[in-house]
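**Student:** model this:
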Amino acid sequence: MTMSAGWYLRRLSRMGPGEAVGRAGDAVRRRRWRSLRPDCPRVTGARFTSVLPAGALAAVPPDAAKRLVAEADRLLEGHAAHFGVERADLSDPDWWYDPKTGRRAPRGYAFDMPYRDEDAVGDIKQIWELSRHQYLTVLAAAYALTGDERYAERTAGHLRSWWRTNPPLCGVHWVSGIELGIRLLSWVWIRRLLEGWPGAAELFEDNPVAVAQIWHHQRWLAAFPSRGSSANNHVVAEAAGQSAAACAFGWFPSSARWRAEALRTLERQLRSNTFASGLNRESATEYHGLVLELGLAAVAEADAAGVPVPASIRRVLLRMTDALAAVVDSRLRPPRQGDGDDGHGLVLDGPGTDRWASLLATGDAVFGGLAWWPAVTGTDVRTPLLGALLRPTAPATARPAVRPAHFADAGMTILRGPGEIWCRCDGGPHGFLSIAAHAHADALSVEVRHDGVDVLADPGTYCYHGQPGWRQYFRSTLGHNTLQLDGADQSVSGGPFLWTRHARSRVLVADPSAEGAARWCAEHDGYRHSVHRRRVELTADDRELRMVDEVRGPRRAARLAFHLGPAVTAELVENRAVLSWLRDGEDRSAVLELPERLTWRAHRGETDPPLGWYSAGFGRKEPATTLVGSGFTDSAEGFVTVLRFRG
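**Tutor:** Numbers count the residues shown, from 1 in each chain. The predicted structure is shown next:
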């Protein structure tokens, strides 16, 4: 995907004057850096002292350690999977190779790389993911837990290979700040976990190549911060990686300045990226998890190094943790809202470890859980290791006495009913900042689960670069459980991470705790000359969810979509669908009574155009049933939908 002149003009239009001037300065600096490449300052007597406290490794639960070691053994055999693509070439990886397309990124000056062009480079996400070195933190953790030097030797071999083939400012791995920030955080933990291995110091602090790489990464991050309309999760990752490295690898004349600047940036950007309620402003749940992981990891490094951390950082992380505890369903699954790319801040666990349960477990260890928090089942490696570094905090802020269900600033409301019915209603802003990069055109959409099973599902994200048709579908209005008018999206897209006009939503009623029936009502103005209003009522006694969609304005063509989860089958007869699925071997069912004034069709796995898909994770998609009703908005009655759970 190459960006047109029109895209650059649209992108420029979303910048303020300060951002435009800053980006112009960045462009000048990039040209200057092409010929001016300073050497790393000479470092003598460097030592790594941010080691794990005694007893930290012994606190790792045996089942979590077993999962981790099993994954490390798979990595030793050269096997891994990223974004739906299985790899068997990791014994000696090619750091520039994309296994999905078979293409190899070109060499050259980093800022000349056409990394958005899949034809020239390959799928950049596939190439970048391996070089975050989070699989190496798994190998290093396996060494720490077992003492088996095979894990340490493989880790060391891959780091030396990467450092040798990716010199500073050469190639695609020096293009994006978030990649450099996360990579630095991985290196800090690799060094920590290899403590006790005889070759650890020789690999890091006594290795001029490693020292130079660490310095050049930090110099890059200090020079090219994400700014203005791009100051979202990327800038948090950059600041977290920079502060972590400056704390743990504080060997350079600039280390104290880098550390202080990074902590100031982290404090400012965590507040900027987070609503007062604790939810992430990008309206994208996976980035809530990423930012929370990055923040906790950065604070852990500062605590380990004895560096004071602004109290506001801990307060934001506390609010984020409480908000996560509030919104998860009965199986500890959070909403599937907005973009998600399976990004993690710190990986110390094998597959099968629940990311969200792990974050809540860490939050409990650091901040203390509240009485209304859901019980956390399962174990992980990260919590005891990260918790061993983090200073336990007595919160200096008020915390919710009961479980919150309405987050007014984020426009999110959670309705809960018997039989573990969970319903997310979206009446919030269209993403974060002027470009709303990770938002979807999903105003007034609902997401409904029963005992953790997606019944009315948010289809997910699937892809970013290289497949514009699929990118457009998964972020479209038709790709969500809401109403589309005249075949258009509620918000106007100017590119894969750019919205040029944002639908404005407002919540009119939010009463999730009403006796007998929880209620919600909101409206948005995304369609010119029309206002779409939706009312939702969840009746406890009847186990019934009732939705009414009303449109004020001229007569318009309408399509109402309901996306079913991949586990749900549907028998559609006219305007009535019988839904069925299995949960823990038991049959479950519901009836969906659809508006009779619309003509209903079931779609599944269609490609031209895409319709009827579910993406469980980035790079993966599977057919799922989507029910679409077509007609016109020519009645004052509105469109009435009733979902009734059986049994």
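**Student:** next, the contact list for residue 620, please.
**Tutor:** Neighbour list for residue 620: 83, 84, 462 [criterion: CB atoms under 8 Å, 6 or more residues apart in numbering]. C-beta: built from backbone N, CA, C; applies to glycine.
**Student:** nearest to residue 559 among these?
**Tutor:** Proximity to residue 559 was ranked across the contacts of residue 620 by CB to CB; first place goes to residue 462, at 20.8 Å.
**Student:** so where do the strands sit in the stretch 451-600 of the chain?
**Tutor:** For the stretch 451-600 of the chain, the strands defined by DSSP state E, counting those that start in this stretch cover 453-456, 483-485, 492-495, 498-501, 505-511, 517-524, 531-539, 544-552, 557-563, 569-573, 576-583, 586-593, 599-604.
**Student:** that older thread, just among the contacts of residue 620, which is most surrounded?
**Tutor:** Of all the contacts of residue 620, the highest neighbour tally under other CB atoms under 10 Å goes to residue 462, namely 26 neighbours.
**Student:** you'd agree it is up against residue 472?
**Tutor:** No. Using CB atoms under 8 Å as the test, residue 462 is too far from residue 472 to be in contact (10.9 Å).
**Student:** quick one: low-confidence parts of the stretch 101-250 of the chain?
**Tutor:** Counting by pLDDT under 70, the stretch 101-250 of the chain contains no low-confidence range.
**Student:** helices along that one, start to end?
**Tutor:** Taking DSSP state H, counting those that start in this stretch as the test, the helices found in the stretch 101-250 of the chain are 118-121, 124-130, 134-146, 149-165, 177-193, 200-203, 208-223, 233-248.
**Student:** just name the most buried of the ones you listed.
**Tutor:** By mean neighbour count, with neighbours taken as mean count of other CB atoms under 10 Å, helix 233-248 ranks first of those at a mean of 28.
**Student:** the nearest residue to residue 231 once chain neighbours are set aside is in what secondary structure piece?
**Tutor:** With sequence-adjacent residues excluded and distances taken as CB to CB, 6 or more residues apart in numbering, residue 231 is closest to residue 269, at 6.3 Å. Following DSSP states H and E, one finds residue 269 within helix 255-272.
**Student:** and the angle from that helix to helix 177-193?
**Tutor:** Here the directions of helix 255-272 and helix 177-193 differ by 120 degrees (axes from the mean of the first three to the mean of the last three CA atoms, to 10 degrees).
**Student:** pull out the buried residues from the very next helix or strand once past helix 255-272.
**Tutor:** The element immediately downstream of helix 255-272 (helix or strand, assigned by DSSP H and E) is helix 285-305. By 16 or more other CB atoms under 10 Å, the buried positions in helix 285-305 come out as 285-305.
**Student:** wait, residue 81 touches residue 88, no?
**Tutor:** No. Counting by CB under 8 Å, residue 88 is not a contact partner of residue 81; they are 10.1 Å apart.
**Student:** picking that back up, mind giving me CSV with the helices of the stretch 101-250 of the chain and columns for distance to residue 643?
**Tutor:** Compiled in CSV, the helices of the stretch 101-250 of the chain are given as follows (distance: least, CB to CB, whole Å):
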stretch, distance to residue 643
helix 118-121, 40
helix 124-130, 36
helix 134-146, 40
helix 149-165, 50
helix 177-193, 39
helix 200-203, 57
helix 208-223, 48
helix 233-248, 34
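**Student:** residues contacting residue 473?
**Tutor:** 479, 609, 610, 611, 613.
**Student:** that older thread, residue 126 is nearest to which of the strands of the stretch 451-600 of the chain?
**Tutor:** Taking CB to CB, strand 492-495 is the member of these nearest to residue 126, at 21.0 Å.
**Student:** tell me how far the closest one is from the chain's mean position?
**Tutor:** Strand 492-495 has its average C-alpha position 21 Å from the chain's average C-alpha position, going by CA atoms, centre = their mean, to the nearest Å.
**Student:** coming back round to it: residue 440: which of the helices of the stretch 101-250 of the chain is closest?
**Tutor:** helix 233-248 (15.8 Å).
**Student:** how much does the closest one deviate in direction from helix 177-193?
**Tutor:** Using the same axes, to 10 degrees: helix 233-248 against helix 177-193 is 30 degrees.
**Student:** helix 233-248 packs against which elements?
**Tutor:** Helix 233-248 makes packing contacts with helix 177-193, helix 208-223, helix 255-272, helix 285-305 when contacts are defined by 3 or more CB pairs under 8 Å, 6 or more residues apart in numbering; DSSP states H and E.
**Student:** still on that earlier bit, need the contact partners of the helix holding residue 269.
**Tutor:** Taking CB under 8 Å, 6+ apart as the criterion, the residues outside helix 255-272 that touch it are 218, 221-222, 225, 231, 235-236, 238-240, 242-243, 245-247, 249-250, 252, 281, 291, 295, 298, 302, 307, 309-310, 312-313, 316-317.
**Student:** which residues touch residue 367?
**Tutor:** For residue 367, the contacting residues are 317, 318, 321, 393, 395, taking CB under 8 Å, 6+ apart as the criterion.
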